[in-house]
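Peer 1: Here is the input, now give the coordinates:
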Amino acid sequence: MLKEGNQPVFCEKWPIMRPTILKLLRQEYVPREDWQELFYLVHSLCVWDEKSPPKIFAALREDILVFINQAQERVLSHQEDQALLKAYIAEWRKFFTQCDYLPRPFGQLETALQGKTTNAVAKKTLSEESVVRNLMLDSWNQSIFSNIKQRLQDSAMKLVHAERNGEAFDSQLVIGVRESYVNLCSSADDKHKIYKENFERAYIQATEAFYKVQAPEQLTVNGVHNYMKYADTKLREEELRAQRYLETCAGSVQNLIDSCVSVLVTVFKDTILAECADMIKSNETAKLLQMYKLMDRVPDGAGIDPMLAVLETHIYQAGLADMVASADAITADSEKYVEQLLQLFRRFSLLVNQGFRDDPRFLTARDKAYKRVVNDTSIFKLDLPNKYGVYSKSQPESKCPELLANYCDMLLRKTPLSKRLTSDEVESKLKDVLLVLKYVQNKDVFMRYHKAHLTRRLILDTSADSEKEENMVEWLREVGMPADMINKLSRMFQDIKVSEDLNTEFKEFRKTHNPDSLTDSLSIKILNIGAWARGSERVPVSLPRDLEDYIPEVEEFYKSKHSGRKLQWHHHMSNGTLTFANKTGKYDLEVTTFQMAVLFCWENRREDKISLENLRLATELPDSELRKTLWSLVSFPKLKRQVLLYEPAGSKYTEWDENTSFRVNHEFGLVKNGKVQKRGRINLIGRLQLSTEKSREEENEGILQLRILRTQEAIRKILKMRKCVSNAQLQTELVDILKNMFLPSKKLIKEQIEWLIENKYMKRDDVDINTFIYIA
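Peer 2: Take a look at the predicted model:
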């Protein structure tokens with residue numbers, strides 16, 4: 001060790017160190033020997049003289065301040081803004097470069113000032129800032145920068161202002177000033193503190209001041225449409241300018257854009273939005289897109305929300321107006337009704353696509369409004385009975401599900417529509433029906449009618465394409481129809497195939513044991529009541545003797561194949577073909593079983609007149625069914641010459657009394673293009689009456705009853721899972737579960753909750769009556 005008298009002393013060593021330090025500050029050449037000696041002297045003084053570190057630090061600060069003051073004089077010698085900026089940036093960049101070099105020899109000084117041992121130097125992490133570097137930056141900040149930062153900011157902002165007015169300048173001047181602000185901060189917590197508090201704030205304030213003058217003038221002179229173009233252009237320009245002149249990693253660009261949006265858009269949003277309704281009505285999608293892009297920038301949805309409300313109102317009102325305008329045509333034709341709905345959907349979808357870039361928020365607004373149009377009851381309504389069997393006039397339902405089902409039937413049945421379309425076109429239109437079905441609230445009504453039509457097509461064998469039929473069932477499954485309903489439809493196809501096999505076996509059995517002429521023409525469909533049943537009512541009817549004789553044979557044959565099963569005959573779902581011969585010609589009449597029973601009354605007395613009362617006794621049909629059946633034979637719309645005639649004349653079957661008489665029309669014939677045909681086939685079935693008037697009422701009541709059961713089931717399911725649930729949460733989850741079938745009303749929910757409480761499935765909480773508890 002050195003002796004006490006030989007220890008290095010600050011006052012002796014500093015004069016040796018100082019020239020090298022000054023050369024480093026001035027960026028002058030320093031020989032390797034002087035550089036290494038500086039390391040040695042700093043280390044020696046800090047290790048051997050505990051009083052030296054503070055002295056070194058103070059002397060170093062004094063020299064740094066002197067150098068900075070000299071630099072300040074050089075900078076301030078320039079009066080012109082650009083010259084001042086150039087001088088400052090040159091001095092700053094030279095000084096900042098030295099901030100990396102000068103601290104290196106003073107590593108031991110930093111250790112000594114922080115009270116660490118020499119061994120701690122090796123453990124110093126890279127994240128720790130150099131004391132000497134911080135000293136240099138703080139000194140620059142407190143002297144030259146504090147004195148001239150206002151002039152620097154003002155000069156830089158003037159240049160940016162000049163650029164906004166179209167003047168050219170060296171952008172590096174503004175960038176250099178920004179870099180000095182960013183690099184000046186010595187705080188480890190917030191590297192951008194000085195930059196944000198000074199340069200960023202000044203830049204944003206200058207931008208706001210510029211556009212507060214320009215924007216109102218542009219709006220007044222050029223109008224809303226041209227102003228939107230101006231605002232959009234300026235926002236893009238300012239974003240590009242901010243990426244050049246502001247620090248991108250400090251969030252400055254976004255702050256600047258938010259400020260620009262405030263002065264260019266938010267301030268004038270009411271004036272701009274006032275034009276929205278007219279633009280939507282006029283379908284000015286280019287202008288709407290411009291408005292959308294601007295309003296989407298306004299924070300908290302303050303710009304977009306009013307546009308959503310205007311769009312939703314427009315779609316609902318315009319859609320409803322179009323439907324009302326063409327109500328006469330579409331109420332009588334389900335094809336025109338569905339095509340009208342699809343045309344509206346395509347029109348509004350195109351508007352959202354071109355005017356709002358298919359923004360999910362605008363698609364949701366479209367869906368809400370379109371759903372209201374589809375479920376509106378001002379044109380079509382379907383009254384369902386309440387729980388007391390009385391038809392409610394207060395809450396009628398849309399007839400849309402029924403019309404959609406009718407349209408599906410037209411596409412899937414052998415009709416002029418399905419015949420003129422290709423297979424791909426039929427599939428496309430069926431997919432369109434499913435698209436509209438998504439917006440129908442009461443899908444259970446659609447499923448009921450669709451099942452009825454499917455039943456009719458399968459029984460009459462009028463399906464245009466059996467593959468499409470089965471595909472339709474799968475598509476309904478894919479769009480979320482309840483599995484139990486879809487499974488019943490699938491079961492119907494299986495039943496038809498099984499029934500065909502049974503029918504073949506029965507014919508073979510008849511040919512072997514009791515052959516006759518009717519066997520080949522007979523077709524029996526034995527179907528599962530669980531999948532096909534449409535009500536409890538079976539209508540009594542007296543069948544022709546030839547048919548009546550077959551029933552015991554069929555039952556006996558079926559029992560031999562399937563013991564323990566019982567057959568129920570649904571004659572109102574049956575049909576057949578009669579041959580009608582007179583002096584005019586010979587015709588094949590396709591008729592229902594009820595029509596067949598009525599016509600057979602004249603089999604042995606073809607010239608007689610038969611009263612309504614006698615026909616009722618002979619056919620055993622209920623009065624309402626008999627009247628409708630007779631009307632189809634005396635006033636069939638497609639026939640110029642009817643099968644039966646009656647007297648006295650009347651305009652509807654309700655006018656008939658017990659003495660009204662009917663007779664066979666011996667002049668009956670098929671007339672085409674004004675000429676009477678001698679032979680032909682005539683379909684008198686029309687739309688096969690698969691249900692009677694009473695069973696249709698049961699059908700509607702069944703829809704309501706099923707809704708009640710599904711609501712109860714869903715409530716119990718929620719309570720079983722939650723154990724305890726609030727009224728609000730219960731209603732929300734209930735709607736979510738049932739929305740794929742129907743939208744439960746608050747009244748229905750309330751009634752079912754009370755029923756479940758009364759029957760001990762759940763109870764109200766003793767403390768809070770709006771909380772429900774599950775009872776196991």
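Peer 1: Provide a list of residues in contact with Leu273.
Peer 2: Met291, Met295, Gly303, Pro306, Met307, Val310 (Cβ atoms under 8 Å, 6 or more residues apart in numbering). C-beta coordinates here come from the backbone N, C-alpha and C atoms, glycine included.
Peer 1: So which of the residues you listed sit within strands?
Peer 2: Among the contacts of Leu273, none falls in strands (DSSP state E).
Peer 1: And the helices in the stretch 601-750 of the chain?
Peer 2: 612-619, 623-634, 693-722, 727-738, 746-758 (DSSP state H, counting those that start in this stretch).
Peer 1: deepest of those helices, which one?
Peer 2: helix 623-634 (a mean of 19; mean count of other Cβ atoms under 10 Å).
Peer 1: could you give the mean pLDDT of that one?
Peer 2: Helix 623-634 comes out with an average pLDDT of 86.
Peer 1: Could I get the full set of helices for the stretch 451-600 of the chain?
Peer 2: Going by DSSP H, counting those that start in this stretch, the stretch 451-600 of the chain shows helices at 466-478, 483-513, 529-532, 545-548, 550-561, 593-599.
Peer 1: Which strands or helices does the second one pack on?
Peer 2: Packed against helix 483-513 by the contact rule (3 or more Cβ pairs under 8 Å, 6 or more residues apart in numbering; DSSP states H and E) you find helix 443-460, helix 466-478, helix 529-532, helix 550-561.
Peer 1: that older thread, and the helices of the stretch 601-750 of the chain as CSV, adding distance to Phe493?
Peer 2: What follows is the helices of the stretch 601-750 of the chain, written out as CSV (distance: least, Cβ to Cβ, whole Å):
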stretch, distance to Phe493
helix 612-619, 33
helix 623-634, 29
helix 693-722, 22
helix 727-738, 28
helix 746-758, 33
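Peer 1: And those helices: which comes nearest Val182?
Peer 2: helix 727-738 (51.1 Å; Cβ to Cβ).
Peer 1: neighbouring contacts of that closest one?
Peer 2: Under Cβ under 8 Å, 6+ apart, the answer for helix 727-738 is 710-711, 714-715, 717-719, 722, 725, 743-744, 746, 749, 753, 770-772.
Peer 1: do that again at 6 Å, thanks
Peer 2: Helix 727-738 has contacts (Cβ atoms under 6 Å, 6 or more residues apart in numbering) with Ala714, Ile718, Pro744, Asn770.
Peer 1: Would you mind giving those residues as a markdown table with pLDDT and distance to Tyr761 added?
Peer 2: Shown next, in a markdown table, are those (pLDDT from 0 to 100; distance: Cβ to Cβ, whole Å):
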| residue | pLDDT | distance to Tyr761 |
| --- | --- | --- |
| Ala714 | 89 | 12 |
| Ile718 | 88 | 12 |
| Pro744 | 83 | 17 |
| Asn770 | 85 | 18 |
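Peer 1: quick revisit: among the helices and strands packed on helix 483-513, show me which one is buried the most.
Peer 2: helix 443-460 (a mean of 21).
Peer 1: The closest residue in space to Asp520 that isn't next to it in sequence and Phe362: what is the separation?
Peer 2: Nearest non-adjacent residue to Asp520, counting by Cβ to Cβ, 6 or more residues apart in numbering: Lys507, 6.9 Å away. Distance from Lys507 to Phe362, counting by Cβ to Cβ, to the nearest Å: 62 Å.
Peer 1: cool, Ile526 as well?
Peer 2: Taking Cβ to Cβ, one finds Ile526 at 54 Å from Phe362.
Peer 1: out of those two, which sits in the busier spot?
Peer 2: Neighbour count, other Cβ atoms under 10 Å: between Ile526 and Phe362, Phe362 has more, with 23 against 16.
Peer 1: What are the phi and psi values at the residue lying closest to Tyr550 once chain neighbours are set aside?
Peer 2: Nearest residue to Tyr550, sequence neighbours excluded (Cβ to Cβ, 6+ apart): Leu522, at 6.7 Å. Reported as degrees, to the nearest 10, the phi and psi values for Leu522 are phi -80, psi 140.
Peer 1: how about low-confidence regions in the stretch 451-600 of the chain?
Peer 2: For the stretch 451-600 of the chain, the stretches with pLDDT under 70 are 517, 519, 533-537.
Peer 1: now the strands: where do they sit in the protein?
Peer 2: Under DSSP E, the chain gives strands at 575-581, 586-592, 610-611, 644-647, 661-664, 670-672, 675-677, 679-683, 724-726, 762-764, 771-774.
Peer 1: Now tell me what touches the second one from outside.
Peer 2: Taking contacts as Cβ under 6 Å, 6+ apart, the residues outside strand 586-592 that touch it are Asn575, Thr577, Leu578, Thr579, Phe580, Arg679, Gly680, Arg681, Ile682, Asn683, Leu684, Ile685.
Peer 1: So what's the residue count around the third one?
Peer 2: Summarising burial for Leu578: neighbours were counted as other Cβ under 10 Å, giving 17.
Peer 1: The closest residue to it other than its chain neighbours pairs with what?
Peer 2: Of all residues not flanking Leu578 in the chain, Leu589 sits nearest, at 4.8 Å (Cβ to Cβ, 6+ apart). Per DSSP bridges, the residues bridged to Leu589 are Leu578, Ile682.
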